[in-house]
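*Asks:* The following block contains a protein sequence and its predicted model.
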Protein chains: 4
Amino acid sequence: MITNKRDQILIATRDLIFEQGLQSISMAQIAQRAEVGMGTIYNYFASKEELVFHLYDAIKAAMSAYVLEGYDESQPVMARFLHLLTSVAVYGMQHPREFRLIEQLASVPFVQEMADPNAYALTAMMNQLFTEAQSQHLLKDLPPAVITLLISGALNALVEAHATQQVKLTDTLIEQTVAACWDAIKR
Amino acid sequence: MITNKRDQILIATRDLIFEQGLQSISMAQIAQRAEVGMGTIYNYFASKEELVFHLYDAIKAAMSAYVLEGYDESQPVMARFLHLLTSVAVYGMQHPREFRLIEQLASVPFVQEMADPNAYALTAMMNQLFTEAQSQHLLKDLPPAVITLLISGALNALVEAHATQQVKLTDTLIEQTVAACWDAIKR
Amino acid sequence: MITNKRDQILIATRDLIFEQGLQSISMAQIAQRAEVGMGTIYNYFASKEELVFHLYDAIKAAMSAYVLEGYDESQPVMARFLHLLTSVAVYGMQHPREFRLIEQLASVPFVQEMADPNAYALTAMMNQLFTEAQSQHLLKDLPPAVITLLISGALNALVEAHATQQVKLTDTLIEQTVAACWDAIKR
Amino acid sequence: MITNKRDQILIATRDLIFEQGLQSISMAQIAQRAEVGMGTIYNYFASKEELVFHLYDAIKAAMSAYVLEGYDESQPVMARFLHLLTSVAVYGMQHPREFRLIEQLASVPFVQEMADPNAYALTAMMNQLFTEAQSQHLLKDLPPAVITLLISGALNALVEAHATQQVKLTDTLIEQTVAACWDAIKR
DNA sequence: TATGAATGAGAATTCATTCAT
DNA sequence: AATGAATGAATTCTCATTCAT
């Protein structure tokens, strides 16, 4: 066997959620797509919820790692801002189904319950960055939480649109967008 | 009977979706909350999907009407921009469950399928505004679709956070946010 | 509808357990035998366990009522002994499937857990009778619990054999058996 | 390896049935408890039913052998009666889980089907004893089958109660009980 | 028009058994 | 002979929808 069953199952689940959304997919479908018996899924994951959460968790961790690769806390605020936003957008451009999956699953009740809010370094890093930026009076006089919301909201909407092929992301477009985000919040 | 059954059903559905999310609510729950027999729902709506879509459609139309109230196409671009964004945010501040419901339902496959993308004047108006603004060289050199995405994404994230009580919207905060959005896209 | 669905379900369940034993019957079988949709069962009973326990409980209560009909606590010990044992045996003779069902279900873990040990007057009455009999020095010097066990064990085995048609119970045979039981324990 | 796999499997099965009852144990549990691979079980037993039946059969044969040890057919009826009943009770006192297992399995449909009713010398011996006793007019005028039922029922109930620790069997208690059984049936 | 009991297809999950290693 | 991952039929339970009253 070249690919192992566990990975086949995870890939099948990812693709089906991407294509059809979470609520319409059944374990039978996953098994069929993964070319695996239904029981096999339960050898690796205790339940459908565990399977889906594992997928969410693994992808979020992978994206977090990708984005923080080369992130240098000693750089000035703006450089770090550019790094984080650009990396997120590039990750989304290169991994549209993973990105979309995170967005979709993040709002599902059982995923929220299972998720440890402190588990992902990326979120912490963004909050820290904005807090620091504001203490340096580089930003508008808005609560850091609001700034995070605006920036994330804008960026996610863009990447999401790329994932659904409403928009075609390019390096140039990402660069322009990140600049626009900075203009939005800079003092 | 003071309220008619149809409205009782719609209100019950709206509140249940807000409280529990779409996938966990059943027709039996809706009927019970609406104090109506299960069969009665089918006198007004052909299926669960039709009921939910109608709710989405009605709320979106109501929001669209609210936002476009007093919108004057003869005003300069920036005034119109301020009007639209401020109105959207104020609507969301005042009707959090309706706003959130639209956001939630917009990503549900069958709702997307049933929705006519041109049905809502608000979306059309925004697209028109940005197109016009760009032809006047007021905006950065980004595709109008991208501008719409960024602005809507940022604003929706904020109002959504208000609906889930992560953030408390105020008139001042709205004003600041709208200004930030303008800074993001202005040339 | 002449019989109501709830009773059809209970009867079907009783007969299937009698014929095949508890563990081999499925909800689908019950539904089919009761000429009812599977979902209908769940309109009346929350789960398979609740259905089975209800059956146990109802039959045990009915048997208890039958046996205690005309039981006179002011009668002398021996008369009461004869009444109780004879009534149990007669009930078993007339309702073999109900009797057997009680015996079978009594040893099923979840039934034991759900059952209130004090719920059935018959058990209490027997314990009381033997305790009283022994305080009058009418019985051999054995613990009342042991006496109850021996008598119940003997009688149940007999009725059970009648239910499975290994033996044919008659009024005469019952009379003789009850007398033998008395001889076993009398001083 | 000191103990062989086959015995490990049988012991694990016996203990699990004693602890949890037959229907709740799986082959996976048995394998785990026996510290054996699941496939290994199938090297020794063709199916779960065969495994369980073999267990029943082996224990029943062992008990039969124990009880008939020193049984002397030339002794008078009463001595033989005392021997048989006392031996059964003592066996049950010393091997509660084996005794209980026999009782539990005896009522399971597939065990009944697989069992050869004439296979166990003990049952045959009891029937023969009672038939002979009755031809000597030592017993009440009850069918031998009924006498066997009453005596076995009483005795089994007692030993079963010992196995579940509702009652504590002792040599004295056994002696008294066997005497009571004799009183029940003697003319 | 209003009702809610009845329905059965479809969902998640279990588990005895097989078979490649 | 020993293993345990893989299998899929069978099980319990849910729920959108229908229809007799």
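*Replies:* Thanks, I have it. Note that the coordinates shown come from a computational prediction; the quantities given were computed from them, not determined experimentally.
*Asks:* Any regions of chain A where pLDDT drops low?
*Replies:* Within chain A, the stretches with pLDDT under 70 are A:1-3.
*Asks:* To what extent is the residue in it positioned nearest to DNA strand F buried, counted in neighbours?
*Replies:* Closest residue of chain A to DNA strand F, C-beta to the nearest atom of the strand: A:Gly39 (1.5 Å). For every residue, glycine as well, the C-beta is placed using N, CA and C. Counted with other C-beta atoms under 10 Å in any protein chain shown, the neighbours of A:Gly39 add up to 9.
*Asks:* what residues does chain A put near DNA strand F?
*Replies:* Residues of chain A lying close to DNA strand F by C-beta under 7 Å from any atom of the strand are A:Asn4, A:Lys5, A:Val36, A:Gly37, A:Met38, A:Gly39, A:Thr40, A:Tyr42, A:Asn43, A:Tyr44.
*Asks:* What about those residues, which one has the most neighbours?
*Replies:* A:Val36 (18 neighbours).
*Asks:* what about the spatially closest residue to A:Val111 that is not a sequence neighbour, neighbour count?
*Replies:* Leaving aside its sequence neighbours, A:Val111 sits nearest to A:Leu105 (C-beta to C-beta, 6 or more residues apart in numbering or on different chains; 4.8 Å). When neighbours are defined as other C-beta under 10 Å, A:Leu105 has 21 of them.
*Asks:* hang on, isn't A:Glu73 packed against A:Arg80?
*Replies:* Yes. Judged on C-beta atoms under 8 Å, A:Glu73 makes contact with A:Arg80 at a distance of 7.3 Å.
*Asks:* So for those two, which residue has more residues nearby?
*Replies:* When A:Glu73 and A:Arg80 are compared for neighbours, A:Arg80 comes out ahead with 20 against 10, by other C-beta under 10 Å.
*Asks:* residues touching that one, list them.
*Replies:* Taking C-beta atoms under 8 Å, 6 or more residues apart in numbering or on different chains as the contact definition, A:Arg80 lies against A:Tyr71, A:Asp72, A:Glu73, A:Leu129.
*Asks:* And for A:Thr148?
*Replies:* A:Met126, A:Asn127, A:Phe130.
*Asks:* Domain boundaries for chain A, per the record?
*Replies:* For chain A, automatic domain parsing gives the domain ranges A:1-45, A:55-185.
*Asks:* Chain B contacts on chain A?
*Replies:* With the criterion set to C-beta under 8 Å from any C-beta of the partner chain, chain A comes near chain B through A:20-24, A:104, A:107-109, A:140-143, A:145-146, A:149-158, A:161, A:166-167, A:173, A:176-177, A:180-181, A:183-186.
*Asks:* Between the two ends of stretch A:89-98, how far is it?
*Replies:* End-to-end distance for stretch A:89-98: 12 Å, by C-alpha to C-alpha, to the nearest Å.
*Asks:* Can you give me the buried ones in that stretch?
*Replies:* Across stretch A:89-98, burial judged by 16 or more other C-beta atoms under 10 Å in any protein chain shown covers A:Ala89, A:Val90, A:Tyr91, A:Gly92, A:Met93, A:His95, A:Pro96, A:Glu98.
*Asks:* that older thread, state the phi and psi torsions of the residue of chain A closest to DNA strand F.
*Replies:* Here is the backbone geometry of A:Gly39 (degrees, to the nearest 10): phi -60, psi -30.
*Asks:* now it: how far from B:Leu84?
*Replies:* Per C-beta to C-beta, to the nearest Å, A:Gly39 is found 55 Å from B:Leu84.
*Asks:* And A:Tyr120, by the same measure?
*Replies:* Counting by C-beta to C-beta, the gap from A:Tyr120 to B:Leu84 is 34 Å.
*Asks:* Same check on A:Lys48?
*Replies:* 42 Å.
*Asks:* Who has more neighbours out of these two?
*Replies:* Neighbour comparison, A:Lys48 and B:Leu84: the larger count goes to B:Leu84, with 20 against 17 (by other C-beta under 10 Å).
*Asks:* Break down chain A into its helices, ranges please.
*Replies:* Using DSSP state H, the helices of chain A run over residues A:5-20, A:27-34, A:38-44, A:48-68, A:77-94, A:96-106, A:109-114, A:121-135, A:144-163, A:171-185.
*Asks:* Of these, flag the one that's most buried.
*Replies:* When you average the neighbours per residue for each of the helices of chain A (mean count of other C-beta atoms under 10 Å in any protein chain shown), helix A:144-163 leads with a mean of 23.
*Asks:* relative orientation of that helix and helix B:144-163 in degrees?
*Replies:* Orientation of helix A:144-163 against helix B:144-163 (axes from the mean of the first three to the mean of the last three C-alpha atoms, to 10 degrees) gives an angle of 140 degrees.
*Asks:* Next, report how far helix A:144-163 is displaced from the centre of its chain.
*Replies:* Distance, stretch centre to chain centre, for helix A:144-163: 11 Å (C-alpha atoms, centre = their mean, to the nearest Å).
*Asks:* what does stretch A:143-156 give?
*Replies:* In terms of C-alpha atoms, centre = their mean, the centre of stretch A:143-156 is set 14 Å apart from its chain centre.
*Asks:* now stretch A:77-96
*Replies:* Centroid displacement of stretch A:77-96 relative to its chain, using C-alpha atoms, centre = their mean, is 11 Å.
*Asks:* Could I get the helices of chain A in CSV, plus columns for distance to DNA strand E?
*Replies:* Below are the helices of chain A laid out as CSV (distance: least, C-beta to the nearest atom of the strand, whole Å):
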stretch, distance to DNA strand E
helix A:5-20, 11
helix A:27-34, 4
helix A:38-44, 3
helix A:48-68, 4
helix A:77-94, 28
helix A:96-106, 15
helix A:109-114, 11
helix A:121-135, 29
helix A:144-163, 24
helix A:171-185, 37
